[in-house]
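Engineer: sequence and predicted structure are below.
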Amino acid sequence: MASLFNLKIIACDGVFYDGECEIIVIPGADGEFAIMNHHEKMTGVVEVGEIRFKKPDGQWQKAVISDGLVSVYQDGSVKILSYSCERPEDIDTFRAQEALERAQEQLQQKQSRIEYEISNANLARAMARLKGATHK
């Protein structure tokens, strides 16, 4: 049997997952990184993209996650806090496409630096949702 650890993924709308896990692959600033049991204690940034984790039954669960934080604690448990996290089958591709088009329009307009960063984040989130929805 593989070595397991507790994983808890919390989004603004509630707990996405709370249970045992063998490995989780997370999008980071420099690409993907993986966490397994007995990982060194750390705190890091989660970028917008797709996470994958292997549950005790051997099944891989995929989800589209927005930016957030990941923490590995001394006891080996892992907690991820993010704005949103959703299963690919729960993504409304029509709404995601509309959000993508809105963000692209906003980026074409003259904006303050803060508005530009928000539009850029909205664009990244919409693109990740569309990509995740097509890779069900």
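Structural biologist: Arrived safely, thanks for sending. Predicted, not measured: the structure shown is a model, and the values here were computed from it.
Engineer: now do the longest helix anywhere in the chain: everything it contacts.
Structural biologist: In the chain, ranked by residue count with DSSP state H as the criterion, the top helix is helix 113-134. Residues outside helix 113-134 that contact it (C-beta atoms under 8 Å, 6 or more residues apart in numbering): 48-50, 62-67, 84, 86, 88, 91, 93, 96-97, 99-100, 102-104, 106-107, 111. To be clear about C-beta, it is placed using only N, CA and C from the backbone, and glycine gets the same treatment.
Engineer: narrow the residues you listed to those in strands?
Structural biologist: Counting by DSSP state E, the contacts of helix 113-134 place 49-50, 62-65, 86 in strands.
Engineer: for the residue nearest the centre of the chain, give me its contacts.
Structural biologist: Centroid check for the chain by C-alpha atoms, centre = their mean gives residue 65 as the closest residue, at 2.2 Å. By C-beta under 8 Å, 6+ apart, the residues touching residue 65 are 9, 11, 26-27, 46, 48-51, 80, 82, 84-85, 128.
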